[in-house]
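>>> Just the structure for this:
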Amino acid sequence: MAGLSRSDVEHVAHLARLGMTAEELDRLQGELNHILEQYMKLAELDTETIPPTAQTIELENILRDDVPTPSLSQAAVLGNAPAREGEFVIVPPILGGDAG
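Next up is the predicted model:
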């Protein structure tokens, strides 16, 4: 596989809306070509016997047991509410409108 040319790198930078100096384009061209070279080395590996995976390491969720505990009383909740109406807590609207 041929490496990326300077015009390829300029085109990608333009598509990404990156304003780059000539020195930055030169450095980026070298870095991108190095990445492609490393990818080509990986592509040479025989992976036929390796099953597809989404994770490279085993993942296990570590969760604590769900133990019910007493909740706050209605009076305690309403006592902490910044605004209330009767037995309800008033919250600001999420979509449009004014609070209150």
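>>> now the helices for the chain?
6-15, 22-43, 74-80 (DSSP state H).
>>> quick one: low-confidence ranges for this protein?
1, 97-100 (pLDDT under 70).
>>> From the centre of it, point out the most distant residue.
Gly86 (42.5 Å; C-alpha atoms, centre = their mean).
>>> ok, that residue - contacts?
Gly86 is in contact with no residue at all, counting by C-beta atoms under 8 Å, 6 or more residues apart in numbering. Yep, even glycine has a C-beta here, placed from its N, CA and C like the rest.
>>> how far away is it from Ser73?
16 Å (C-beta to C-beta, to the nearest Å).
>>> Any idea how many residues pack against Glu23?
Glu23: 8 surrounding residues under other C-beta atoms under 10 Å.
>>> Next: the one 10 residues further on.
Using other C-beta under 10 Å as the criterion, Asn33 is surrounded by 16 other residues.
>>> Ser73 too?
9.
>>> Next, find the distance separating it from Asn80.
11 Å.
>>> and Leu25, what is it in contact with?
Residues near Leu25 by C-beta under 8 Å, 6+ apart: 6, 9-10, 13.
>>> Can you tell me which of the residues you listed are buried?
Listed as buried from those are 9-10, 13; burial here means 16 or more other C-beta atoms under 10 Å.
>>> Out of the helices of the chain, which gets nearest to Leu63?
The minimum distance between Leu63 and those falls on helix 74-80, with 26.9 Å, by C-beta to C-beta.
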